[in-house]
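Chemist: Need coordinates for the below:
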Amino acid sequence: MAELSLVVESLKRLIVESDDERNDTELSKLFDSCLRLLELMEDSNLPSNDNELQEGVHVCIKGLEKCTFMVNELGLFSSNETADELQTSSIKYLILPAVLGCLNLSFQSIDLSERKEYVEKAEIYFRDFLLRCANYELCETSLRYFKEILDSETTQKKPDPQSLREKKIQQYRHKKELEEREKTLRPALERPECEENIGKRKFYKIFQ
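Modeler: Coordinates of the predicted model:
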């Protein structure tokens, strides 16, 4: 997986460089690089505990954490605004906590206390994503998807095996639907000529 290693090293450099340049352009570059690495890892045939893949997960988490810091520093979101008031270029960052939650769940460790720490982080990110979507009145089906993940992580009652299998199948299908929507709409949003309102309508479809 030579390409995976190259993207990981490139992302490491971008994370360091972003300490000096904190603006919309650098944020977008860093975020897009993280998504590129995530895409490569999802398409990889490497086992989930492979060292190279786990390094990618670790670096991607660091990159997206830096993106989250930059989003907050630049003040791209406000609890007082509506979805219609969001800039098209900022909408893609709404998924930051959701992606970070998924990556933290992907982290493998033989240390149970360390694994527990990452699962707890994932829960915090998922709840942040749910709150953000609720505030902007977005993503009804995705809200259900991530709520199911949280419920399955926090419930104390052992689920019925058949119900658990069906739920996992539903979650997998919905995850793939979201990925396909994102892949389809991303090129349109990246075009400079994409008008503000048209761009918003295209991206909001991901959250339906």
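
Chemist: in the helix or strand harbouring residue 124, what's buried?
Modeler: Element membership for residue 124, per DSSP states H and E: helix 112-135. Buried residues in helix 112-135, counted by 16 or more other CB atoms under 10 Å: 118, 121-123, 125-126, 128-130, 132-133. Every residue, glycine included, has its C-beta placed from N, CA and C.

Chemist: Over to stretch 4-17?
Modeler: When burial is assessed from 16+ other CB under 10 Å, stretch 4-17 yields the following buried residues: 4, 7-8, 11, 14-15.

Chemist: What is the nearest of those residues to residue 112?
Modeler: Of all the buried residues of stretch 4-17, residue 112 sits closest to residue 8, with 26.7 Å by CB to CB.

Chemist: how close does that closest one sit to residue 53?
Modeler: Relative to residue 53, residue 8 is positioned 10 Å away (criterion: CB to CB, to the nearest Å).

Chemist: Equivalent analysis for residue 64, please.
Modeler: 16 Å.

Chemist: before we move on, what about residue 46?
Modeler: If you measure residue 46 against residue 53 using CB to CB, the figure is 5 Å.

Chemist: Compare the two and say which one has the larger neighbour count.
Modeler: The residue with more neighbours, out of residue 46 and residue 53, is residue 53; 21 against 14, by other CB atoms under 10 Å.

Chemist: how about that one, secondary structure?
Modeler: Three states are possible here, and by DSSP: H, G, I helix; E, B strand; the rest coil the one that applies to residue 53 is helix.

Chemist: Where do the helices of this protein begin and end?
Modeler: Listed in chain order, the helices of the chain (DSSP state H) span residues 2-17, 24-43, 51-74, 88-91, 96-106, 112-135, 140-154, 161-190, 196-204.

Chemist: least trustworthy helix or strand in the protein by mean pLDDT?
Modeler: For the chain, using mean pLDDT, DSSP states H and E, the weakest element among its helices and strands is helix 196-204, scoring a mean of 47.

Chemist: where does the chain dip in pLDDT?
Modeler: For the chain, the stretches with pLDDT under 70 are 1, 139-208.

Chemist: From residue 55, how far out is residue 68?
Modeler: Counting by CB to CB, the gap from residue 68 to residue 55 is 20 Å.

Chemist: meant to ask about residue 64, not that
Modeler: In this structure, residue 64 and residue 55 are 15 Å apart, going by CB to CB.
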